[in-house]
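Chemist: got a sequence here, can you model it:
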Amino acid sequence: MHKISKNKFLSYTFILISLVSILSCAARRVRDEGDIIASLYKEKKYQTVIDRITKKEVYERQEDRFLKQAELGIAYFNLKDYKKALFHLNKAKEIANSLYKVSISNKVESLFIGEATDIYYPNQFEQISIRFYEILSHYMLIQSSESSKDKRFHQQAMVSTLRDWSSYIDNFKEQNRGRAIYKGSTFIDLMGVIVHDVYDRSKDRSVIKSFKKLGQKNLVEQMGIYPSYNELHEKYKDDYNELHLLSQKKLANYISETQTSNNIKKFFQNKKRYNTYIIILDGHVIKKTANVYEFPLGLPVGVYIYNDEGMDDFVTFSLKMLSITRGAEPKISFELPKIDSVPITNTEKVTLTNADGNEVLSDNLILMANTSEVLSESLKTDVKTLEAKVGARLAAKHIALLTSAYQTYRSLYNNGAFIAYLSASAAYAAGNKAIAESELADLRSWYGIYDHVYMLPVDLEPGEYEITYKGKKYKLTRSDSPKQILPLVLN
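Modeler: Predicted coordinates:
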């Protein structure tokens, strides 16, 4: 039998632990960077977000290139530097489009690389949000531009960005038929009405009508999987694959409207057009947290390993390393991400008063997007796939580490069983810790994105107004433009 030297066995263990340790350091650093950005947004330190990124203190890895541009875009948006916001949002969109073309099945996957250190692939909601913030940035530049040429450019850019948004959604729907996942319909339907109503060309009237008609359909067919819009969302999601075969009458058995969805439906059904659309952006997205899962560790009991008399075989050794009694099924644990979102089944009521203190309007807001809810549901879908994938990868790491530790045990056995086990245990413990760190849940996210997006359609005369939202008062100025969007960014 070919014998391997003690030093060579020990080198195997060292190399394995060193490799996993490097990856674990990277995973921890990635998580720490996310914590830094999230805390800066919470403290409203948007310039510091920009400074930390441009100085390469965070997001310097190529794998985080989308997040780098997306965070710069939203940070400049918050600072009202809309030209720079557009520059970086467009960069983020270009990166997202290039990553979108990379099929997951064509990715080169390593046994040792976890999701937390892999390329960050923006989810579908983050991709449509780029378009949303681009539209708002173009609109704000229309308001500040002095030349009619610049105004026309940004007006046309608003519409072309909306078309790009619509095209992305159509492609995504086509590729994900039958899957109960977010397809972005109601968000774009509402924004489509706003953009075309504000642009106010003669041809926009028919487009508005189309968006409202399609919006009523999408509110049921696409948003029924979310608690904010449907009290029967679980039933709807369970039978989603068959729902397209049902008539509208039978489909109604899967829908129990919330006040939120009822408000949206009324807006779509209403033929009235407004001269002002107040859009409220409230709070940044809820951070992802880690949820712990368990996965069975199948030890290769069928593999015969020659041992000297008295030496434990591989399975016995492994069970001892895992501190599990003989005959019990060994398990390993790992993290996967989650978001603890809160449904919005009934939107806030706001009060609008004019400069004289007279009440102009008191009404419920219309929910355009509950970001954390969408991301939470998307994660739940992803986790079903990731659980088996990550579990299998982690099991492979543990088997490799146990094999390496076992070789250490065998090579030192002649020095005494106690010394051999002690050395092997130390090697396994160090590697085990490194593996746990390398498999941290991927908690990366576009932290600057706003959590709740609301809309309030209203007819206003030019002048100063005050809106009361969640007990706080905010100033608004309505210009003399025939049609106007009034973004209220609560940052």
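Chemist: what residue ranges in the protein score low on pLDDT?
Modeler: The chain contains residues with pLDDT under 70 at 1-25, 101-114, 178-184, 296-309, 323-331, 438, 491.
Chemist: kindly recompute the last result at 50.
Modeler: 1-6, 8-10, 12-13, 103-112, 301-306, 324-328 (pLDDT under 50).
Chemist: does residue 453 sit in a helix, a strand or a coil?
Modeler: Recorded secondary structure, residue 453: strand (DSSP: H, G, I helix; E, B strand; the rest coil).
Chemist: using PDB, list the CA coordinates for stretch 191-199.
Modeler: Provided in PDB are the C-alpha atoms of stretch 191-199 (Å, rounded to 0.1, in the frame of the first residue of the first chain):
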ATOM      1  CA  MET A 191     -46.300  55.000 -13.000                       C
ATOM      2  CA  GLY A 192     -47.500  54.700 -16.700                       C
ATOM      3  CA  VAL A 193     -50.600  56.700 -15.900                       C
ATOM      4  CA  ILE A 194     -48.600  59.300 -14.000                       C
ATOM      5  CA  VAL A 195     -46.000  59.800 -16.700                       C
ATOM      6  CA  HIS A 196     -48.400  60.000 -19.600                       C
ATOM      7  CA  ASP A 197     -50.900  62.200 -17.800                       C
ATOM      8  CA  VAL A 198     -48.100  64.700 -16.900                       C
ATOM      9  CA  TYR A 199     -46.700  64.600 -20.400                       C
END
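Chemist: buried residues, that stretch. List them.
Modeler: 191, 192, 193, 194, 195, 196, 197, 198, 199 (16 or more other Cβ atoms under 10 Å). Every C-beta, even on glycine, is put in place using the N, C-alpha and C of the backbone.
Chemist: residue 150 - how many residues pack around it?
Modeler: Residue 150 is surrounded by 13 other residues when neighbours are defined as other Cβ atoms under 10 Å.
Chemist: swap that for residue 396, please
Modeler: Look at residue 396: counted by other Cβ under 10 Å, it has 13 neighbours.
Chemist: got it, and residue 401?
Modeler: The burial count for residue 401: 23, using other Cβ under 10 Å.
Chemist: one more: residue 115?
Modeler: Using other Cβ under 10 Å as the criterion, residue 115 is surrounded by 23 other residues.
Chemist: what's the answer for the one 4 residues further on, then?
Modeler: Using other Cβ under 10 Å, the number of residues around residue 119 comes to 15.
Chemist: that older thread, which pair of the buried residues of stretch 191-199 spans the longest distance?
Modeler: Within the buried residues of stretch 191-199, two members stand farthest from each other by Cβ to Cβ: 191 and 199, at 12.3 Å.
Chemist: spit out the contact partners of residue 273.
Modeler: Residue 273 sits next to 197, 208 when contact means Cβ atoms under 8 Å, 6 or more residues apart in numbering.
Chemist: relative to residue 487, how far out is it?
Modeler: 20 Å (Cβ to Cβ, to the nearest Å).
Chemist: same question, residue 402
Modeler: Residue 402 sits at a distance of 57 Å from residue 487 (criterion: Cβ to Cβ).
Chemist: now do the strands in this protein.
Modeler: In chain order, the chain shows strands spanning 276-284, 289-296, 331-338, 349-354, 359-364, 366-370, 450-458, 463-469, 472-478, 484-490, with DSSP state E as the criterion.
Chemist: list the strands paired with the third one, with their directions.
Modeler: Right, strand 331-338. Partner strands for strand 331-338, per DSSP bridges, with pairing direction: strand 289-296 (antiparallel).
Chemist: pull the strand it pairs with out as PDB, backbone CA atoms only.
Modeler: Listed next in PDB are the C-alpha coordinates belonging to strand 289-296 (Å, rounded to 0.1, in the frame of the first residue of the first chain):
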ATOM      1  CA  THR A 289     -31.200  38.700   8.200                       C
ATOM      2  CA  ALA A 290     -29.900  35.200   8.400                       C
ATOM      3  CA  ASN A 291     -32.100  32.100   9.000                       C
ATOM      4  CA  VAL A 292     -30.500  28.900  10.100                       C
ATOM      5  CA  TYR A 293     -31.200  25.600   8.200                       C
ATOM      6  CA  GLU A 294     -30.100  22.000   8.900                       C
ATOM      7  CA  PHE A 295     -28.900  19.600   6.200                       C
ATOM      8  CA  PRO A 296     -28.100  15.800   6.600                       C
END
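Chemist: what's in contact with it?
Modeler: With contact meaning Cβ under 8 Å, 6+ apart, strand 289-296 is reached by 329-340, 383, 387, 390-392, 394-395, 440-441, 443.
Chemist: tabulate the buried residues of stretch 191-199 (a markdown table), appending distance to residue 261.
Modeler: Formatted as a markdown table, these follow (distance: Cβ to Cβ, whole Å):
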| residue | distance to residue 261 |
| --- | --- |
| 191 | 17 |
| 192 | 18 |
| 193 | 16 |
| 194 | 19 |
| 195 | 22 |
| 196 | 23 |
| 197 | 21 |
| 198 | 25 |
| 199 | 27 |
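Chemist: of those, closest to residue 143?
Modeler: Each of these was scored against residue 143 by Cβ to Cβ, and residue 198 proved nearest at 11.1 Å.
Chemist: mind listing what the closest one touches?
Modeler: Per Cβ under 8 Å, 6+ apart, neighbours of residue 198: 139, 277, 483, 484, 485.
Chemist: reformat the residues you listed as CSV; add neighbour count and distance to residue 431.
Modeler: CSV is the format used below for the contacts of residue 198 (neighbours: other Cβ atoms under 10 Å; distance: Cβ to Cβ, whole Å):
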residue, neighbour count, distance to residue 431
139, 21, 55
277, 22, 58
483, 14, 64
484, 19, 62
485, 21, 56
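Chemist: in helices only, show me the buried residues of stretch 191-199.
Modeler: Per DSSP state H, helices hold the following members of these: 191, 192, 193, 194, 195, 196, 197, 198, 199.
Chemist: these two touch, right, the fifth one and residue 162?
Modeler: Going back to what we said before, that points to residue 195. Yes: assessed by Cβ atoms under 8 Å, residue 195 is found in contact with residue 162 at 5.2 Å.
Chemist: which residues touch the residue found closest to residue 77 once you drop the neighbours it is linked to in the chain?
Modeler: Leaving out its chain neighbours, the residue that sits closest to residue 77 by Cβ to Cβ, 6 or more residues apart in numbering is residue 85, at 4.1 Å. By Cβ under 8 Å, 6+ apart, residue 85 lies in contact with 73, 74, 76, 77, 133, 137.
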